[in-house]
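[1] Structural data only, the sequence is not supplied:
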């Protein structure tokens, strides 16, 4: 990309540089959910259409975009910007979990959906947040893990298959 | 492979031909679970170590191998050799579902785990089998669907993400 810009599109390079500088100058974090935002309160937190009583905790702004695209969730988010990883020196302070704790303590939340990734660190983070929220008496749930939609069993990895069988759901009669 | 065998390994080709003929001659279906087997009763159905009261229904012998590798399931299987697909002319008769119905009617089964794939046809098959088994008063469950283990949310497809959020599980306090 660098070669292309320098050889063929020097004007474009200047525009790109300006766009990047503007982004760095103007885009900060929403003070409510830590999503990237140009305003103090992001578009999702400011919207009156969304249910502020359900909070979905994710690891990154990209996860917010992914869930928004799926269209199934109409509540608010909380972006961790990472996950607990003591080996890399990332503890509760580095993830600013006091902001999360404050938000939960402020009340008005009926359910917290933990949507951290299903890696080891994601699970640990999820466990930590669950105990933190449950100490405040808030109901906590975890997104479902198992076989992806459209997936053939044969091509699913072992640990996902174990989890899908262990976490099977009763089928209620019609 | 054909060129390699004809040019370099004509003995190997003969061995392969014999192995294939032997397999075709000797490998049939287990009369209990329809798994591929050399004996009338397959290794899994014949084993005394396995719990005959839990039945896991899968689409193909490869699925049995996949679940066996995961090591989480110790019950018996039932192999459908396909899935209901009316558009392709595959109905209950083509899948020999009367064998399944007979097996359920014979009693001794406390739970049926439906592990058909999460495609449209797999879900339809699962629904059909569920009503069939529930008519006999047997408890039915479905393997879990959602985000695969180790998966980052960002790379999960929309429909899986919707299902993972809609099918979220309560986290019980410690």
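    Cool, got the structure. The structure displayed is predicted, hence computed values, not measured ones.

[2] Chain A: strands as residue ranges?
    Here chain A has its strands, by DSSP state E, at A:28-29, A:36-37, A:51-58, A:75-79, A:111-114, A:139-142, A:169-170.

[3] Which residues does the fifth one contact?
    The contact list for strand A:111-114, computed with CB atoms under 8 Å, 6 or more residues apart in numbering or on different chains, reads A:53-57, A:73, A:75, A:104, A:126, A:129-130, A:133, A:138-143, B:165, B:168, B:171. Quick note: C-beta positions are derived from backbone N, CA and C, even for glycine.

[4] What of the second one?
    With contacts defined as CB under 8 Å, 6+ apart, strand A:36-37 is touched by A:27, A:28, A:29, A:30, A:42, A:43, A:61.

[5] quick revisit: make CSV from the strands of chain A and add mean pLDDT and distance to residue A:12 to it.
    Formatted as CSV, the strands of chain A follow (pLDDT from 0 to 100; distance: least, CB to CB, whole Å):
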stretch, mean pLDDT, distance to residue A:12
strand A:28-29, 92, 27
strand A:36-37, 93, 24
strand A:51-58, 94, 33
strand A:75-79, 94, 31
strand A:111-114, 94, 42
strand A:139-142, 93, 45
strand A:169-170, 86, 52
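
[6] For residue A:73, which residues are in contact?
    Contacts of residue A:73 by CB under 8 Å, 6+ apart are A:54, A:56, A:67, A:113, B:165.

[7] Just the pLDDT at it, thanks.
    Per-residue pLDDT puts residue A:73 at 92.

[8] any idea how far it is from residue A:64?
    To residue A:64, residue A:73 is 10 Å away according to CB to CB, to the nearest Å.

[9] most surrounded residue in the contacts of residue A:73?
    Using other CB atoms under 10 Å in any protein chain shown as the neighbour test, the contacts of residue A:73 are led by residue A:67, with 26 neighbours.

[10] List the contacts of that one.
    By CB under 8 Å, 6+ apart, residue A:67 lies in contact with A:56, A:58, A:73, A:77, A:115, B:153, B:161, B:165.

[11] Chain B versus the first one, what's the distance?
    In this case it means residue A:56. Distance, residue A:56 to chain B, by CB to the nearest CB, to the nearest Å: 8 Å.

[12] next one: the second one
    Separation of residue A:58 from chain B (CB to the nearest CB): 6 Å.
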